[in-house]
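1. No sequence on hand, only this structure:
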């Protein structure tokens, strides 16, 4: 283990690396996100090591695949801590996997800093060791709902559909938006939940189209769900005035590749970060990503920034506590200290939620030179004018 | 819920179900002739989709024209898999061992696809993929209708081959009893190899339609194989007609229930039907014995 004779005040032997274990979905349903997270973690570790490591120790990442399965992530975390003796563990992808991962880490007194477990259920599990650097997702659709509700009556939609996967990440988001929009007189014409294991979305999308809502709010966790709904809508001759999906459109080039650039025009997604962020640290990270993997800023998956932010927060905690003592790190992260990440400010409440994180709505705009831009809060000078109503499919 | 929504659900169930039926038919044909449960069938469908993708994106070949290349290619892939891996399986443990071996084949193909195409999802694109026409307010996607027609043509061709050709007689004899078939001079080994090839070749067509209507990556195969296996269990292991009926039924029941009540019940409703059928007929709707005397 790390504390041997010759150990420094950091709790690590001189010259020993800081070993960080990470269980990620490198195969299975979340593999696209899992790989993006891996790229984000690697980018961060490379940056840290290039700058001489943390407290003079190199950072070494150990990845294991959980195949997108909750039981496997639990086993992986146990093995990483008890067998591989890693100093720290970072979070997996999705709220679904973060809960069992954080529980396993908690049993060993380990902290679980993560970037993709923002569902309320993560923070109501009574865990003291979990810290989500990204936005708490329950209010993610609030800026969108507020903006739609504030439109002049002549432009404001009159009907809306709410359709969501029964996933802990998506399900809590829609009722909050629905409440705001119903208060503004926008009538709910479709409100259904579908099981996360559904693979054929056409009949659900057809039912939504048959209800003819002017706005569609889709609770999705991935690109395939969104692309299936979009294709079915187009085939039904149904084009809502506005469409927002909780995840999928934020996956940059992967989203465009699946739906086609022409169809992406007008599609929205809530998030706290995008490739065009003006934060200097973010711009540096995006430039490094493009240098390594190609593409452009709009095509950078938000998962990259979420993973990178996890590393940044962990680094600040390690430096501040002078080592890799998980008890000290947990205490430090709960202290209300303000930290920085490529996504913005980070400050945790008692439950481990980052309430400094700001929620924005982003939209794909244009057809050939497709841009991914921030459109609200409309009060933010950085927000571009929303494309509304959404152009016809493929135009 | 209105009548149009219900008609849409019924239409979706029949059109999409026929493509699942096509994919499941290959699986049940392989089991019927060889007693092999090919759990690699899901990844082979995805391989078919990726081949169509590569031809379309890199060579500009139309998705349907590309089938002239992908179907023979996957036939050869099937023959190679049968010769290299399946032919070695013998004895009473053959069926159980086939699950392990084909799972290994599946992992091998999945890893290769992830390396070549990455894990980012893709979807097959063509102008007709998103087009549709309307009859009485019910929209028919061209790609779904094309999938239905193609499934009908390929399944008809399969039936013609089985019931109107000398090779079909050999296949049916092998389906009924391999030992007896060998005793009357049928080259059961050759029949098995060709049937495995045909069973895999149909995944090219299924994969092209699937990839045109769903974004996919190699991991999508897990959802597919679980569906295909439940289809052939309902239809009866080894029964071609059963696979067709069960394929259409599975999607039809799920889609209609999802529309009438709630999508929450769509998947479960099929399994309720499956459990009830298996309680009454443990061998499935048509069972292997029924198929063999058909």
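-> Arrived safely, thanks for sending. Owing to the predicted nature of the structure, the values given are computational and were not obtained by experimental measurement.
2. isn't residue A:194 right up against residue A:167?
-> No - counting by Cβ atoms under 8 Å, residue A:167 is not a contact partner of residue A:194; they are 10.0 Å apart. Yep, even glycine has a C-beta here, placed from its N, CA and C like the rest.
3. how about the residues of the stretch 201-350 of chain A near chain B?
-> Listed as neighbours of chain B in the stretch 201-350 of chain A under the rule Cβ under 8 Å from any Cβ of the partner chain: A:202-204, A:206-207, A:210-211, A:222-224, A:227-228, A:231-232, A:234-237, A:253-254, A:257-260, A:263.
4. With the stretch 1-150 of chain A instead?
-> A:26-29, A:31-32, A:34-35, A:68.
5. switch the cut-off to 10 Å
-> A:25-36, A:67-68 (Cβ under 10 Å from any Cβ of the partner chain).
6. Helices of chain B, residue ranges please.
-> B:3-34, B:41-59, B:63-84, B:94-117, B:142-164, B:166-176, B:178-183, B:188-213, B:220-235, B:240-260, B:266-280, B:287-293 (DSSP state H).
7. Which one of these lies nearest to residue A:20?
-> helix B:94-117 (23.9 Å; Cβ to Cβ).
8. Are there helices or strands packed against that closest one, and which ones?
-> Secondary-structure packing of helix B:94-117 (3 or more Cβ pairs under 10 Å, 6 or more residues apart in numbering or on different chains; DSSP states H and E): helix A:31-50, helix B:3-34, helix B:41-59, helix B:63-84, helix B:220-235.
9. Quick one: mean pLDDT over the first one.
-> It refers to helix A:31-50. Taken as a whole, helix A:31-50 has a mean pLDDT of 94.
10. Show me what counts as buried in the helix or strand just after that helix.
-> Counting by DSSP states H and E, the element after helix A:31-50 in chain order, helix or strand, is strand A:59-65. Buried positions in strand A:59-65, judged by neighbour count with 16 or more other Cβ atoms under 10 Å in any protein chain shown: A:59-61, A:63-65.
11. just checking, next helix/strand downstream of strand A:59-65?
-> helix A:70-82.
12. and the angle from that next one to strand A:59-65?
-> Counting by axes from the mean of the first three to the mean of the last three Cα atoms, to 10 degrees, helix A:70-82 lies at 150 degrees to strand A:59-65.
13. Looking at the helices of chain B, which is nearest to residue A:271?
-> Across the helices of chain B, closest to residue A:271 is helix B:220-235 (Cβ to Cβ), at 24.8 Å.
14. What is that closest one packed up against?
-> helix B:3-34, helix B:41-59, helix B:94-117, helix B:188-213, helix B:240-260, helix B:266-280.
15. quick check: mean pLDDT across the longest one?
-> The predicted model gives helix B:3-34 an average pLDDT of 87.
16. Format the residues of the stretch 1-150 of chain A next to chain B as JSON lines; extra columns: distance to residue B:102.
-> Formatted as JSON lines, the residues of the stretch 1-150 of chain A next to chain B follow (distance: Cβ to Cβ, whole Å):
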{"residue": "A:25", "distance to residue B:102": "24"}
{"residue": "A:26", "distance to residue B:102": "22"}
{"residue": "A:27", "distance to residue B:102": "17"}
{"residue": "A:28", "distance to residue B:102": "19"}
{"residue": "A:29", "distance to residue B:102": "21"}
{"residue": "A:30", "distance to residue B:102": "25"}
{"residue": "A:31", "distance to residue B:102": "21"}
{"residue": "A:32", "distance to residue B:102": "25"}
{"residue": "A:33", "distance to residue B:102": "28"}
{"residue": "A:34", "distance to residue B:102": "25"}
{"residue": "A:35", "distance to residue B:102": "26"}
{"residue": "A:36", "distance to residue B:102": "30"}
{"residue": "A:67", "distance to residue B:102": "18"}
{"residue": "A:68", "distance to residue B:102": "21"}
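17. ok, which pair from those is furthest apart?
-> A:36 and A:67 (16.4 Å).
18. So for the two, which sits in the more crowded spot?
-> For residue A:36 and residue A:67, the more surrounded residue by other Cβ atoms under 10 Å in any protein chain shown is residue A:36, and the numbers stand at 28 against 20.
19. Residue B:102 against residue B:38, yeah?
-> Yes - counting by Cβ atoms under 10 Å, residue B:102 does reach residue B:38; the two are 4.9 Å apart.
20. ok, these two, which is more surrounded?
-> More crowded of residue B:102 and residue B:38, by other Cβ under 10 Å: residue B:38, with 32 against 24.
21. so who does the more buried one touch?
-> Taking Cβ atoms under 10 Å, 6 or more residues apart in numbering or on different chains, we find residue B:38 in contact with B:26-31, B:44, B:78, B:81-82, B:86, B:98-99, B:101-103, B:105-106, B:196, B:199-200, B:203, B:225, B:228-229.
22. any common contacting residues for residue A:194 and residue A:167?
-> Contacts common to residue A:194 and residue A:167, judged by Cβ under 10 Å, 6+ apart, are A:219, A:225.
23. quick one: stretch B:127-142 to chain centroid distance?
-> Mean-position distance between stretch B:127-142 and its chain equals 24 Å (Cα atoms, centre = their mean, to the nearest Å).
24. Check stretch B:228-248 too.
-> 10 Å.
25. Same question for that stretch: list its buried residues.
-> Those would be B:228-248, for stretch B:228-248 by 16+ other Cβ under 10 Å.
26. do stretch A:332-339 as well
-> Neighbour-count burial for stretch A:332-339 [16+ other Cβ under 10 Å]: A:332-334, A:339.
27. Which ones among the residues you listed lie within strands?
-> residue A:339 (DSSP state E).
28. and the buried residues of stretch A:332-339 as TSV, adding distance to residue A:363 and pLDDT?
-> Below are the buried residues of stretch A:332-339 laid out as TSV (distance: Cβ to Cβ, whole Å; pLDDT from 0 to 100):
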residue	distance to residue A:363	pLDDT
A:332	38	97
A:333	33	97
A:334	36	96
A:339	29	96
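29. Next, give me the two most distant ones among the buried residues of stretch A:332-339.
-> A:334 and A:339 (12.5 Å).
30. any common contacting residues for those two?
-> residue A:348.
31. from the chain's centre, how far out does stretch A:126-142 sit?
-> 10 Å.
32. what's the average pLDDT for it?
-> Rounded mean pLDDT across stretch A:126-142 is 91.
33. cool, and stretch B:209-225?
-> 90.
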